[in-house]
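>>> no FASTA, just this:
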């Protein structure tokens, strides 16, 4: 039995001794730190200066929590189209903004940039709209040498998706008109997070995977959506423990490690007969959050992998009730087929090879 291979980097307490990383010299360029990226989204909309009831233009491919955050900030949510290749349909967005300006949330999916972000930024300026870049997946990615998050009026980040932390979100404001005055509560790491971490670290991963599935089978009704199970906590601050853990994070090392692992996975999987990568190459400046493939019976495959100790990730499997999927052909296929395979910096070569072996066996 081998330890479970996690989808995201797991906290390592040896990191507490390091003091040379991401927050060693302050907060970088972040305006504020929160307990989650969702809280950063909420405060980005609150700080936009737009009156309550204004329109928040959201991408049709989303995870739902960002939709709820915009609504909780007082906005009326409407949607624009995201193409099957995960790029923004700029023509569709322009048409909607000309009819109804507002705030635009733009997501850089899985670390890969929206390559027309400069055009979208210019469009928003011309039409009197506010652009918020969602860099929850793209903490260290850049486009043409410019860090993602620098093109919009504000940007939001989910630190714990890219770093081995228990919590953490960040807001970066690029325009002086933005005003935020959050009164943050002292953050603590919930006991249940420590329990979950202990389960992840349990050596007998197959047994624990079976135990987790048994627990899930005893629940009544379909699983609840994230915005239903997580009470909004937009005033929660960034915990001291995660801040200390972040001191060991070296952005250059993380980007380099993730890129090497992405290339390793691509080299192994691209030769398979049934292989449909979302991106078939890794552009310069991209810090990939995952290696993404389109597969049939995605959820069945995810369960097979988890039973063998390999945790993967799905984005947008559940959609917010305000989104009418019938208006966005192809969106449902994206939500049901994209599987995100781990390539994070904590994966050693042996673990990555084991994960790839399990994946190849599972799709045979």
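Okay, I see it. Only a predicted model underlies this, so the values are computations on that prediction, with no experimental measurement involved.
>>> okay, now the unreliable bits of the stretch 51-200 of the chain?
For the stretch 51-200 of the chain, the stretches with pLDDT under 70 are 186-200.
>>> please enumerate the strands of it.
Here the stretch 51-200 of the chain has its strands, by DSSP state E, counting those that start in this stretch, at 55-59, 76-80, 103-107, 130-134, 142-143, 146-147, 154-158, 169-173.
>>> how far away from the center of its chain is the first one?
Taking the mean C-alpha point of strand 55-59 and that of its whole chain, the gap between them comes to 18 Å (CA atoms, centre = their mean, to the nearest Å).
>>> packing partners for it?
helix 65-72, strand 76-80, helix 90-99, strand 103-107 (3 or more CB pairs under 8 Å, 6 or more residues apart in numbering; DSSP states H and E). C-betas here are computed from N, CA, C, even on glycine.
>>> which outside residues touch the lengthiest helix in the chain?
In the chain, with assignment by DSSP state H, the single longest helix is helix 251-269. Applying CB atoms under 8 Å, 6 or more residues apart in numbering, the contact partners of helix 251-269 are 22, 111, 140, 162-163, 275, 277, 280, 282, 286-289, 291, 293, 341, 343-345, 347, 349, 352, 356, 359-360.
>>> go again with 6 Å.
The contact list for helix 251-269 (CB atoms under 6 Å, 6 or more residues apart in numbering) reads 140, 275, 282, 287-288, 291, 343, 345, 347, 352, 356.
>>> can you give me the angle whichever helix or strand comes after it makes with helix 251-269?
Using DSSP states H and E, the helix or strand that follows helix 251-269 in sequence is strand 290-294. Per axes from the mean of the first three to the mean of the last three CA atoms, to 10 degrees, the angle that strand 290-294 makes with helix 251-269 is 30 degrees.
>>> buried set for strand 290-294?
The neighbour-count check on strand 290-294 (16 or more other CB atoms under 10 Å) flags 290-294 as buried.
>>> next structured bit after that strand?
That would be, after strand 290-294 and using DSSP H and E, helix 298-307.
>>> and that following helix, average pLDDT?
When pLDDT is averaged over helix 298-307, the result is 93.
>>> for that helix, packing partners?
In terms of contacts (3 or more CB pairs under 6 Å, 6 or more residues apart in numbering; DSSP states H and E), helix 298-307 is packed against helix 349-363.
>>> relative orientation of the helix it packs on and helix 251-269 in degrees?
Per the same axes, to 10 degrees, the angle that helix 349-363 makes with helix 251-269 is 40 degrees.
>>> chain center to helix 349-363, what's the gap?
For helix 349-363, the separation from the chain centroid amounts to 23 Å (computed by CA atoms, centre = their mean).
>>> just the residues contacting it, thanks.
Under CB under 6 Å, 6+ apart, the answer for helix 349-363 is 5, 261, 268, 301, 304-305, 308, 310.
>>> of those residues, closest to residue 43?
Ranked by distance to residue 43 (CB to CB), those are led by residue 261 at 32.8 Å.
>>> residue 110 versus the closest one, what's the distance?
14 Å (CB to CB, to the nearest Å).
>>> with residue 263 instead?
Per CB to CB, residue 263 is found 15 Å from residue 110.
>>> compare the two (neighbour count), which wins?
residue 110 (22 against 15; other CB atoms under 10 Å).
>>> leaving out chain neighbours, which residue sits closest to residue 96?
For residue 96, ignoring the flanking residues on the chain, the nearest one in space by CB to CB, 6 or more residues apart in numbering is residue 80 at 5.5 Å.
>>> in contact with the one you found, which residues?
Going by CB under 6 Å, 6+ apart, residue 80 touches 57, 92-93, 96.
>>> at 8 Å what do you get?
Neighbours of residue 80 in contact, by CB under 8 Å, 6+ apart: 57-60, 88-89, 92-93, 96, 104.
>>> now do residue 117
Residue 117 touches 106, 108, 133, 143, 148, 151-152, counting by CB under 8 Å, 6+ apart.
>>> the same query, at a cut-off of 6 Å, please.
Residue 117 touches residue 151, counting by CB under 6 Å, 6+ apart.
>>> could you measure from it over to residue 252?
From residue 117 over to residue 252 (counting by CB to CB), the distance is 23 Å.
>>> at the geometric centre of the chain, which residue sits there?
residue 137 (3.8 Å; CA atoms, centre = their mean).
>>> what's around the closest residue to it other than its chain neighbours, how many residues?
Nearest residue to residue 137 in three dimensions, chain neighbours excluded: residue 289, at 4.5 Å (CB to CB, 6+ apart). The burial count assigned to residue 289 is 29, neighbours taken as other CB under 10 Å.
>>> turn the strands of the stretch 51-200 of the chain into TSV, including distance to residue 256.
Compiled in TSV, those are given as follows (distance: least, CB to CB, whole Å):
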stretch	distance to residue 256
strand 55-59	29
strand 76-80	35
strand 103-107	24
strand 130-134	23
strand 142-143	14
strand 146-147	16
strand 154-158	20
strand 169-173	22
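>>> for residue 11, find the nearest of those strands.
Of those, nearest to residue 11 by CB to CB is strand 154-158, at 15.2 Å.
>>> what residues does the residue nearest to the centre of the chain make contact with?
Here residue 137 is in contact with 109-111, 289 (CB under 6 Å, 6+ apart).
>>> ok so, going back, can you select the buried ones from the contacts of helix 349-363 in PyMOL?
Buried residues within these, by 16+ other CB under 10 Å, are selected in PyMOL with:
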select buried, resi 5+261+268+301+304+305+308+310
